[in-house]
Structure formats: C-alpha cells, structure tokens
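Trainee: structure here, sequence nowhere to be found:
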C-alpha cells in the first residue's frame, strides 16, 4: 500500500509539473505573438475606427510627453512624425519596449491619425491597444513603451 501511495504522489506531482510547463509556454506564446483576434472583433474595430474618423474633425497643435524618460518634451504637429528608437525617427524614444519604427502620427485632411507600424509591444490610444489607424485629437493620450504622450491644442 505505501508503494501505491508513493506512486500516486509521484504521478500527481508529474502532472502538476507538466501543467506548469504548459501554462508557461502559453504565456510566452502570448507575449511573443500576441493574442488572437477573431475576424468579427477585427471587423468591429475597423468599423468603429472608420466611424470615429468620419465623426470628429479636431486638430491638435502639439504632442507633449507626460510620462517616461523624456517627460516634458514637446513636438509641433503638422508633418508626419515617426516614433521609435531609430535615428531617422522624428521622435526617438530610448526605451527597450519601443520598436525601431514603432508608430506614426500623421495628419489626414482634418484629423490626426496614429498608426502602429507593426510593433511588438503595441501602441495604445487612451489605454486601448490599436490595430488599425486610429483618429486622435486634443486630450487623447498615446502610450508607447513606458512613455505617455498627450495631444494638446
């Protein structure tokens, strides 16, 4: 009987160990490849983004970094701004969580649009991760890596 209990405990421990390995592998896969987005959710996000782009027509005059290593920095808006770690970016963020060419902030007709350029860690507008070009205006916040920036009039 004690041998049977020992065998049961060993098998139970082995099963728990495999569950921990599988859970860790799933967490790593989500970090590397991101979460899967269903086509319905993607279509809804694109439709909402298009509606948002049609509805509001506000323009900000400057982009101000409020949090992060370069807090207090301001940039005038008008021409497209590429944000990233590369030397050819208009706004260079020295942050390990920022991609080489992370995001673009551009002006389309009567509104400003922020677009994620395929970054690993994502671009967030008002704490929502974006996957399509998204309209932004004065008062909206953009988070890239550890830096938070706000559009101002």
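Mentor: It's in. Treat the numbers as computed from the prediction; the structure is a model and nothing was measured.
Trainee: contacts, neighbours, all on C-alpha from now
Mentor: Fine.
Trainee: phi and psi next, for residue 91.
Mentor: Residue 91 adopts backbone torsions of phi -120, psi 110, taken as degrees, to the nearest 10.
Trainee: once you drop chain neighbours, what's closest to it?
Mentor: residue 83 (4.8 Å; C-alpha to C-alpha, 6 or more residues apart in numbering).
Trainee: for residue 63, give me its contacts.
Mentor: 74-77, 149-152 (C-alpha atoms under 8 Å, 6 or more residues apart in numbering).
Trainee: and the gap between the residue nearest to the spatial centre of the chain and residue 36?
Mentor: By C-alpha atoms, centre = their mean, the chain has its centre lying nearest to residue 122, at 2.3 Å. Relative to residue 36, residue 122 is positioned 14 Å away (C-alpha to C-alpha, to the nearest Å).
Trainee: out of the helices and strands in this protein, which is least certain?
Mentor: helix 39-55 (a mean of 71; mean pLDDT, DSSP states H and E).
Trainee: helices or strands up against it?
Mentor: If you count contacts as 3 or more C-alpha pairs under 8 Å, 6 or more residues apart in numbering; DSSP states H and E, helix 39-55 packs onto strand 134-136.
Trainee: run the chain-centre distance for the next helix or strand after the strand it packs on.
Mentor: Per DSSP states H and E, the first helix or strand lying C-terminal to strand 134-136 is strand 141-144. Put simply, strand 141-144 sits 8 Å off its chain's centre (C-alpha atoms, centre = their mean, to the nearest Å).
Trainee: can you check stretch 77-90 too?
Mentor: 17 Å.
Trainee: tell me the span between the first and last residue of it.
Mentor: Terminal-residue distance, stretch 77-90 (C-alpha to C-alpha): 11 Å.
Trainee: low pLDDT regions in the chain?
Mentor: Confidence mapping of the chain against pLDDT under 70 gives the ranges 1, 51-58.
Trainee: the residue nearest to the centre of the chain: what's it in contact with?
Mentor: Residue 122 touches 102, 116, 129-130, 144-145, counting by C-alpha under 8 Å, 6+ apart.
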